[in-house]
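Student: Okay, predicted coordinates and the sequence, questions at the end:
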Amino acid sequence: MISETMKPFVEGGSAIRAMFEEGKRMAKERGAENVFDFSIGNPGLKPPQEVYDAIDEINHNLDPLYVHGYPSNAGYESTRTVVADNLNERAGGDYFDIDHIIMNCGAAYGVNMILRCITNPGDKMAVFAPYFVEYGNWAGNWGVDTIVVPANEDLDFDPDAEALRKMLVPEVKAVLINNPNNPTGKIYTREALNAVADVLREAEEKFGHTIYLICDEPYRELVYDGSEVPFPGSYYDDSLIVYSWSKSLSMPGDRIGYVAVPKCAEGHKELADALIIAGRILGGTNGPTIQELIVERCLTSKSDIDYYKKNAHDLYEIVTGAGFKCIYPQGAFYMWIKSPVPDEFEFVKAAKEEGILITPGSGFDGPGWARAAFCGKNDMIHRSKESWYKVGRKFGLID
């Protein structure tokens, strides 16, 4: 029998993964060419050539005992040095050194490391709806309750600082944001983030303890039309950065990322030391060594942004042409589509009948909306056009 604490996770499952598995089943039944899978954020691009070049260099030029042996628990010093230098250059300040970079098995692992270090059972974490479905599960790993700040569509899905102010209680030890955002494709404005920072500083003074802003940023490099993703330490000192190369280098299965603790964060040295231990005791021991050495050599490389930008444009034209309202994405590779009926599950079901797989917004605490991941092949997007139009006709959106 499984544990009582595990049962809710099993029962809850994941709507995204369930739809992904449904897509594979439908492809076998209908033929892959008749299924248009927008369910999961699995990059449709192969890694940049620099990744393959780095693999060749590592395999041919480095000592195998170095490549495949244990590094420091925080990661290779050479990797952490270039990551810290790169962050400081992009942030425009002296925020990090190698002691503040902890390599790990990706952003999800990094969030769990942080929560292990800064919370106790019974504490709370706040998130802004809509948010990535797993955040609440990760908090639940450590007996931490999740407070969900409702989405404010009048703010174009920017975080609602005033709503956060009303919901903060002394038990809140962290606020978790995802910027650029999954599922909306929204980049939070500096003004909105400054407002959140003001609320958190007031709460820190009121409650007498630190409230960390955990910034989950795997999509930082995937931005369109010159949009800016504000650097966390520039608007709130007690920020912690979680990063993954899953999206920027199209390496989601390779599980490589880091946690970065700015020097301006309260207790930064003690926290960085604790994170190193957390990575070990949670079973990761260290980040995957070959992947560390690869990203060290590919920090300035990234996936083809124009590929995703064209996908965003083409899908937007198709979906709005079919009569649907949606948010044009500023970053990441997701489109947030308004359901034509209050129950978005009815919309998702109708789309599925036409071979289109999208994810219900309720799974992101965004009822009445649905998410479409446009990171797949462009030809699939174009082949889906008639199916989108059939769905639009079902709901009387077009003739």
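Tutor: Looks like it came in fine.
Student: Return the residues in contact with the closest residue to residue 378 other than its chain neighbours.
Tutor: Spatial nearest neighbour of residue 378, chain neighbours left out: residue 311 (5.7 Å); criterion: CB to CB, 6 or more residues apart in numbering. For the C-beta atoms, the positions are set from N, CA and C on the backbone; glycine is no exception. Going by CB atoms under 8 Å, 6 or more residues apart in numbering, residue 311 touches 333, 374-376, 378, 381.
Student: Point out where the protein drops to low pLDDT.
Tutor: 11-20, 23, 27 (pLDDT under 70).
Student: Could you break it into its assigned domains?
Tutor: The record's domain split for the chain, according to automatic domain parsing, is 7-47+303-394, 49-297.
Student: Can you get me the start-to-end distance on the longest one?
Tutor: By that I understand domain 49-297. Using CA to CA, to the nearest Å, the end-to-end distance of domain 49-297 comes to 12 Å.
Student: The shortest one now?
Tutor: With CA to CA as the measure, domain 7-47+303-394 spans 38 Å from end to end.
Student: Strands of the stretch 251-399 of the chain, start to end?
Tutor: Counting by DSSP state E, counting those that start in this stretch, residue ranges of the strands within the stretch 251-399 of the chain are 257-260, 326-327, 334-338, 356-357, 359-360, 369-373.
Student: Let me have these in TSV, adding distance to residue 153 and mean neighbour count as columns.
Tutor: Formatted as TSV, those follow (distance: least, CB to CB, whole Å; neighbours: other CB atoms under 10 Å):
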stretch	distance to residue 153	mean neighbour count
strand 257-260	31	27
strand 326-327	10	20
strand 334-338	9	23
strand 356-357	24	22
strand 359-360	17	26
strand 369-373	9	28
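Student: All the helices of the stretch 151-300 of the chain, residue numbers only.
Tutor: Counting by DSSP state H, counting those that start in this stretch, the stretch 151-300 of the chain has helices at residues 161-167, 190-207, 268-281, 289-297.
Student: For residue 120, which of these is the nearest?
Tutor: Across these, residue 120 has its closest neighbour in helix 268-281 (13.2 Å, CB to CB).
Student: residues of the closest one that come out buried?
Tutor: Buried residues in helix 268-281, counted by 16 or more other CB atoms under 10 Å: 268, 271-276, 278-279.
Student: now that helix, how far from the chain's geometric center?
Tutor: How far helix 268-281 lies from its chain's middle: 22 Å, per CA atoms, centre = their mean, to the nearest Å.
Student: go on, stretch 236-253?
Tutor: Centre to centre, stretch against its chain (CA atoms, centre = their mean), the figure for stretch 236-253 is 8 Å.
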